[in-house]
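[1] here are the coordinates; sequence isn't available:
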DNA sequence: CCCTAAATTTGGAGGCGATGAAAAATGATC
DNA sequence: GATCATTTTTCATCGCCTCCAAATTTAGGG
């Protein structure tokens, strides 16, 4: 009894709902699709949709929660002699080469991101998830470094690192959206990511220093 | 015709709605107050409430938008020879001494913050405002430093600085909520804020470096 | 097979935030 | 005081979401 009929049907229903929803969102935009519409397309009742997904937003941002585990692993599996930032730098550049979806480097990530940007409720939910992921990473950092519970460093470091990846990846979206070829945009991004990580490592103490008159 | 009766009444109505709303929110919690309730308390119709405030959340977070201008000024009015981070450090510590509400140092900021934390929709809206403020600060930084439009430094620096203030200020809330006296909590916070700004200036390049085996 | 217990799905009623349009009230203007 | 513009109200409606009870489906044992 590895997997009963019940379990399989549940998994299938969940997937059918999510797939139908994504299809509708992609073609019509998130706010122009009602939950009733999704339910009809998936051939279930509205209540069943809310049975599997807490909110309409979760229909769209289903996979985002997996990121949490991914980032935690980057820290935990960093190499001997490697700092946390170095580990993320390595992970980020590897993701660029591999077209990893975690940082928005996959084909079609632009459509996905644009849909989020265009919907206030999706933006809000995405930010909430970002925050949860940051807190999770902070907890992992605190555990890995044996930090004091009152030490703010883990939370600050987590915020700075993830903030960096989000800003840099968002810039890629801006460029491709502006019509620039994906190839050139990625090449330019590599340089900007390098500079960003460098600045993160060496600090921004002198940034924008006003000259003495 | 400095100010007609019309203008005055509008201002009064707006204020009455905001005040009544805040009073209800404080005593019953944000999610336990309906817009209809606010309207009744302010003696207007529901539509009038939405006439003055775009959403229910804006009833609560009315003043937050002023922060934008405030942070921009910190950058623009930094002293000769002073870097951006130094200017914010100075502003932040001055605010601590003055009990400034901008960073949550005023009396009663804890109640305010707790209400935000406890309501998902308020949290979401607060984060959206945070993001807008960060983007505004980034634009100011770009202008002040004459940065290239493709330079990500302004956005990254803005995010790091404001992220720092939010994390540190949130820690004060955690401490006072835990029962610690405001006096001691503030004293401890000073040291933590100093460490946080130092780390921001000098970078986190070596953070969490795993020892070579 | 049949029966029962448990899980899943459904329908219906309703609350709440938000929008839109037309009617009513109020202030401004001449 | 009549007229015009603005503001407020009323009324209708939509969409997300919750709660509850009834109906359906599956699991497991006789």
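    Great, that's in hand. Since the structure is predicted, the reported quantities are computational estimates derived from the model, not experimental observations.

[2] Provide the contact partners of the helix or strand residue A:193 falls within at residue level.
    Assessed by DSSP states H and E, residue A:193 sits inside helix A:182-202. Residues lying outside helix A:182-202 but in contact with it, judged by CB atoms under 8 Å, 6 or more residues apart in numbering or on different chains, are A:83, A:85, A:88-89, A:92-93, A:96, A:160-161, A:164, A:167-168, A:171-172, A:175-176, B:150, B:152-153, B:156, B:202-205. For glycine as for every other residue, the C-beta is placed from the backbone atoms N, C-alpha and C.

[3] Please repeat the previous calculation with a cut-off of 7 Å.
    Helix A:182-202 is contacted from outside by A:85, A:89, A:92, A:96, A:160, A:164, A:168, A:171-172, A:175-176, B:152-153, B:156, B:203-205, using CB atoms under 7 Å, 6 or more residues apart in numbering or on different chains.

[4] And for stretch A:41-56?
    A:13, A:14, A:16, A:17, A:20, A:24, A:35, A:36, A:38, A:39, A:59.

[5] how about a cut-off of 6 Å?
    A:14, A:16, A:17, A:20, A:35, A:36, A:39, A:59 (CB atoms under 6 Å, 6 or more residues apart in numbering or on different chains).

[6] on that earlier part again, for the contacts of helix A:182-202, which PyMOL command selects only the ones that are buried?
    The PyMOL command for the buried members of the contacts of helix A:182-202 (criterion: 16 or more other CB atoms under 10 Å in any protein chain shown) is given here:
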select buried, (chain A and resi 85+89+92+96+160+164+168+171+172+175+176) or (chain B and resi 152+153+156+203+204+205)
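
[7] Tell me which entries of the contacts of helix A:182-202 lie within helices.
    A:85, A:89, A:92, A:96, A:160, A:164, A:168, A:171-172, A:175-176, B:153, B:156 (DSSP state H).

[8] ok, and which of those reach DNA strand C?
    Of the residues in the ones in helices among the contacts of helix A:182-202, proximity to DNA strand C by CB under 7 Å from any atom of the strand holds for none.

[9] what's the closest of the residues you listed to residue A:74?
    Of all these, residue A:74 sits closest to residue A:92, with 9.1 Å by CB to CB.

[10] how about the residues of chain A that lie near DNA strand C?
    Residues of chain A lying near DNA strand C (CB under 7 Å from any atom of the strand): A:6, A:9, A:10, A:13, A:43, A:44, A:45, A:47, A:48, A:51, A:52.

[11] Check which helix or strand the fourth one maps to.
    When secondary structure is defined using DSSP H and E, the element that contains residue A:13 is helix A:5-28.

[12] what's that helix packed up against?
    The elements that helix A:5-28 packs onto, with contact taken as 3 or more CB pairs under 6 Å, 6 or more residues apart in numbering or on different chains; DSSP states H and E, are helix A:35-42, helix A:46-52.

[13] Of those, give the one that comes closest to DNA strand D.
    helix A:35-42 (3.9 Å; CB to the nearest atom of the strand).

[14] And DNA strand D, is that closest one touching that?
    Yes - Helix A:35-42 lies within reach of DNA strand D by CB under 7 Å from any atom of the strand, at A:35, A:36.

[15] buried ones in that helix?
    For helix A:35-42, a neighbour-count test (16+ other CB under 10 Å) marks A:38, A:39, A:41, A:42 as buried.

[16] do the same with stretch A:139-155
    Result for stretch A:139-155 [16+ other CB under 10 Å]: buried residues A:140, A:141, A:142, A:144, A:145, A:147, A:151, A:152, A:153, A:154, A:155.

[17] can you narrow those to ones near chain B?
    Among the buried residues of stretch A:139-155, the residues that sit close to chain B (CB under 6 Å from any CB of the partner chain) are A:145, A:152, A:155.

[18] wait, which of the residues you listed is closest to DNA strand C?
    Nearest to DNA strand C among these is residue A:155, at 30.1 Å by CB to the nearest atom of the strand.

[19] Around the nearest residue in space to the closest one that is not next to it in sequence, how many other residues sit close by?
    Once flanking residues are discounted, residue A:155 sits nearest to residue A:138: 4.2 Å by CB to CB, 6 or more residues apart in numbering or on different chains. The tally of other residues near residue A:138 (other CB atoms under 10 Å in any protein chain shown) stands at 21.

[20] Quickly find the element holding residue A:138.
    Per DSSP H and E: helix A:120-145 holds residue A:138.

[21] Compute the inter-axis angle for that helix and helix A:5-28.
    Interaxial angle, helix A:120-145 versus helix A:5-28 (axes from the mean of the first three to the mean of the last three CA atoms, to 10 degrees): 120 degrees.

[22] list the helices and strands helix A:120-145 packs on?
    helix A:56-60, helix A:67-76, helix A:153-177.

[23] And DNA strand D, is the shortest one touching that?
    Yes - judged by CB under 7 Å from any atom of the strand, helix A:56-60 comes into contact with DNA strand D at A:56, A:57.

[24] next one: that helix to chain centre, how far?
    With CA atoms, centre = their mean, to the nearest Å as the basis, helix A:56-60 stands 15 Å off its chain's centre.

[25] swap in the last one?
    The chain centroid and the centroid of helix A:153-177 are separated by 10 Å under CA atoms, centre = their mean.

[26] What are the contacting residues of that helix?
    Residues contacting helix A:153-177 (CB under 6 Å, 6+ apart): A:88, A:92, A:103-104, A:110, A:113, A:134, A:137-138, A:141-142, A:147, A:182, A:185, A:189, A:193, A:196, A:200, B:152, B:155-156, B:159-160, B:163, B:167, B:196, B:204, B:207.

[27] one more time with 7 Å, if that's ok
    By CB under 7 Å, 6+ apart, helix A:153-177 touches A:84-85, A:88, A:92, A:103-104, A:110, A:113, A:133-134, A:137-138, A:141-142, A:145, A:147, A:182, A:185, A:189, A:192-193, A:196, A:200, B:152, B:155-156, B:159-160, B:163-164, B:167, B:196, B:199, B:204, B:207.

[28] Then stretch A:92-111?
    Residues outside stretch A:92-111 that contact it (CB under 7 Å, 6+ apart): A:26, A:67, A:70, A:113, A:165, A:169, A:172-173, A:176-177, A:186, A:190, A:193.

[29] Where does the prediction get shaky in chain A?
    Low-confidence segments of chain A, defined by pLDDT under 70: A:1-3.

[30] okay, now the domains of it?
    Domain segmentation of chain A under automatic domain parsing yields A:5-55, A:63-202.
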